[in-house]
Each structure stands twice: as structure tokens, then as C-alpha cells.
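J.: model this:
(chains A, B, C and D)
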There are 2 protein chains.
Amino acid sequence: MTCDSSSTEATDEPRLADSRAEAFQEVRSARRNELAEDYVELIAELIHEHGEARPVAIAARLGVRAPTVTKALDRLAREGLITRERYRSVFLTEKGRALAHECRRRHEIVLRFLIRLGLDAETAERDAEGIEHHVSERTLALFATYADQA
Amino acid sequence: MTCDSSSTEATDEPRLADSRAEAFQEVRSARRNELAEDYVELIAELIHEHGEARPVAIAARLGVRAPTVTKALDRLAREGLITRERYRSVFLTEKGRALAHECRRRHEIVLRFLIRLGLDAETAERDAEGIEHHVSERTLALFATYADQA
DNA sequence: TCGAAAAGTTAGTCTCGGCTAAGAATTTAC
DNA sequence: GTAAATTCTTAGCCGAGACTAACTTTTCGA
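T.: Got it, this is the predicted structure:
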């Protein structure tokens, strides 16, 4: 017997009735975008700092090997976030630039928040890197408010 | 098993000199453990609530299909976090119980913190699910302190 | 200028984490 | 006590993301 609360499942589709399940699904969904966000954010940074984003620099910053970057960039291009030509630097599309901007915004809010909370800069940077992909807009707003408190 | 390279840069091994790269590597390393942590934490909950953890319940709570659970449990067993017999419930090993306890602790601190910050319970639960795997001990301590403030 | 070094790509492997379809084991219900 | 329903596993597919080895292209410097 289903000891679970009798909810409105029992349909032909045994499709995940549990409300808790939704949280996990959202987390998994977020995880799927994390890499793309990391790349796009980094590419924007590199372009800003050095005028261009070369795969070798991306690999160094992310701590992965070159072929990993090549494959990831292929995917980003497929998704319309970047444009590139073989053996050349990478550029963000309008869509990619928008995403990068969004990511940077989140990252900075989380970072400022953590530092405001009393965390050292180094740890704050590391934690922000992990957390930024998992904060809802609502939470982000609270972070921003707290960080801006006098 | 992150064979994480130490610091020596500029050696023959073109191993990730950038200090920023370390942050990404840590994030990736954390990501690899997330699933295991989710499972173990959930298994502990189910045992507490229903006296046993059945794969079908795990699947429902996580919002995945049964075979996905079977495979994941195989891996957890390989890693020594659970024990099981075919067609039976799942049990945590001592190691698994320790990890579950640790996860629950993190989860609760993050959750209490978010709620204390003013977030609604539902969003807090969702965000906590994503954030809990990415907070350092140091950050967690700050969260706890803040949450406990009168 | 041209040859070596650096950068980038391709090909192939591995693990993980999803899925479906189908079959085996267990439990339930009559 | 057996048939049906449920649960669990197996087999096989797929894409992502990591890697190495080996090859091509580009860049640099003597």
C-alpha cells in the first residue's frame, strides 16, 4: 500500500506527483545550464580583459583540457550563444551577451552579499561560483538588499 | 577522485595554473557529489518517515524513473554508502549515515538562514536544495550565526 | 623564411545520469 | 492458491563532460 499521502496521481502517466520532486527537478535543470553559464560569463570576462577569448585561455581558467573546451564551444554555438571560426577566437552572440550579463549580475550580488556577511574574499569567490546558479530571483533580491544595507 | 593538481604551475604538465581555475575545479568536484548526497539524505528521510527506503519512493521523491534509481543505487553501493539486496529496501552504511547527517545539517542551516532572511518557505526549500552543496564550512558558520540572531 | 612551438581540432574512450522497453520477482487481491 | 498489479532489474539508447593521443593550422622567432 502506498503509504504516501494519497495525492492526485494514479493517472496513466506515473509522472512525479510529489511536490518535493519538483525542487529536485529544478535543481537538475539548473545544473544543466551551469556549464554554459560558466563559459559565457568567462568568455565575456576574457574579452573585456584581453580583447578576445581564446580557447586556450578558457581552458586555463576553467582548469580543463583543450578538447573539452572545443566540445563545449561546439555546444554553445549550437545553442546560439557564441559564434566562432575554426582556429580563431570566440565571440558572444547577442543572446550570449545577455546571458553573460545576467550571470555577472548574479555573481556580483552573491559575492557582495557573502562579503557583507563577513566572509573572506577568497572563500566568498569560491562559494559564489557554486551558489550563483542556484539562487532564485527572490533570494537574489534579498541578498542585494542585505548587501546594500548601511 | 579528483586528482587535483597541487600548485606548481609552469611545469611540463600544463596543469591549470590559474588560481581561479581551482574554484571551478572545486565546483565541478562538488557537482559530482551532489547526486550521492541527495540520495543519501533522502534515503535517511524515508527510513525515518516510513521505516524503510524503497526505490519506488526514492524515484517519486526525486522525480526520476525507476531504472535511474537502480543505477544510482548501484553506484552508491559501490561507494560504500548503502547496502541492499535485489528487490529489497535500501539501507545506509555507517559511512552513508554520516554523510546523510552531514547533509541534513547543511540543509537545515541553509534553510533556516534563508527563512530568517525573509524568504518564503517554499522558495527557501527550493533554493536550499541547490545551495546546500556549494557552501563552505566557513560560510555555513556565518549562516548559522545569522539565523540564530535574536 | 622556414622550422619549431603553440594552439586548435578530431577521434576515440570512459563515466554519469537521464530515458524506454521488456522481463523477473514480489506483493496484493480475489 | 493463483492471477493480476506492482516493484525492481536488465539491456540498450542518448548526450554531456571529462580525458589522451594524434593530427592540422597558426604563430613566432632565430
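
J.: A:Arg86: what secondary structure?
T.: Using DSSP: H, G, I helix; E, B strand; the rest coil, the structure places A:Arg86 in coil.

J.: Give me the contacts around stretch A:84-103.
T.: A:36-37, A:40-41, A:43-44, A:47, A:52-55, A:58, A:73, A:76-77, A:80-83, A:132 (C-beta atoms under 8 Å, 6 or more residues apart in numbering or on different chains). Using the backbone N, CA and C atoms, a C-beta is placed for each residue, glycine as well.

J.: now with 6 Å?
T.: Residues from elsewhere that reach stretch A:84-103, judged by C-beta atoms under 6 Å, 6 or more residues apart in numbering or on different chains: A:Glu37, A:Val40, A:Glu41, A:Ile43, A:Ala44, A:Glu52, A:Ala53, A:Arg54, A:Gly80, A:Leu81, A:Ile82, A:Thr83.

J.: Can you list the residue ranges for strands in chain A?
T.: A:82-84, A:90-92 (DSSP state E).

J.: Kindly reformat the ones you listed as CSV containing mean pLDDT and mean neighbour count.
T.: Shown next, in CSV, are the strands of chain A (pLDDT from 0 to 100; neighbours: other C-beta atoms under 10 Å in any protein chain shown):
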stretch, mean pLDDT, mean neighbour count
strand A:82-84, 97, 18
strand A:90-92, 97, 20
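
J.: If you count neighbours, what's buried in stretch A:66-76?
T.: Neighbour counts over stretch A:66-76 (16 or more other C-beta atoms under 10 Å in any protein chain shown) mark A:Val69, A:Ala72, A:Leu73, A:Leu76 as buried.

J.: that older thread, nearest to B:Ser29 among the contacts of stretch A:84-103?
T.: A:Glu37 (17.8 Å; C-beta to C-beta).

J.: got the contact list for the closest one?
T.: A:Cys103.

J.: Nearest to A:Gly63, out of the strands of chain A?
T.: Here strand A:90-92 is closest among the strands of chain A (C-beta to C-beta), at 17.8 Å.

J.: Show me which residues of chain A sit near DNA strand C.
T.: Contact residues, chain A versus DNA strand C (C-beta under 7 Å from any atom of the strand): A:1, A:28, A:54-57, A:66-67, A:69-71, A:73, A:84, A:86-87, A:89.

J.: Greatest separation within those: which pair is it?
T.: Checking the residues of chain A next to DNA strand C with C-beta to C-beta, the most distant pair is A:Met1 and A:Tyr87, at 63.5 Å.

J.: Show me which of these two is the more surrounded one.
T.: Between A:Met1 and A:Tyr87, counted using other C-beta atoms under 10 Å in any protein chain shown, the more crowded position is A:Tyr87 (6 against 3).

J.: Phi, psi for that one please.
T.: phi 70, psi 20 (degrees, to the nearest 10).

J.: thinking again about what came up before, now flag whichever of the buried residues of stretch A:66-76 is closest to DNA strand D.
T.: Nearest to DNA strand D among the buried residues of stretch A:66-76, counting by C-beta to the nearest atom of the strand, is A:Ala72 at 5.5 Å.

J.: Excluding chain neighbours, what is closest to the closest one?
T.: In this structure, A:Ala72 finds its nearest non-sequential neighbour in A:Tyr39, 6.0 Å apart by C-beta to C-beta, 6 or more residues apart in numbering or on different chains.

J.: Good, we can wrap up now.
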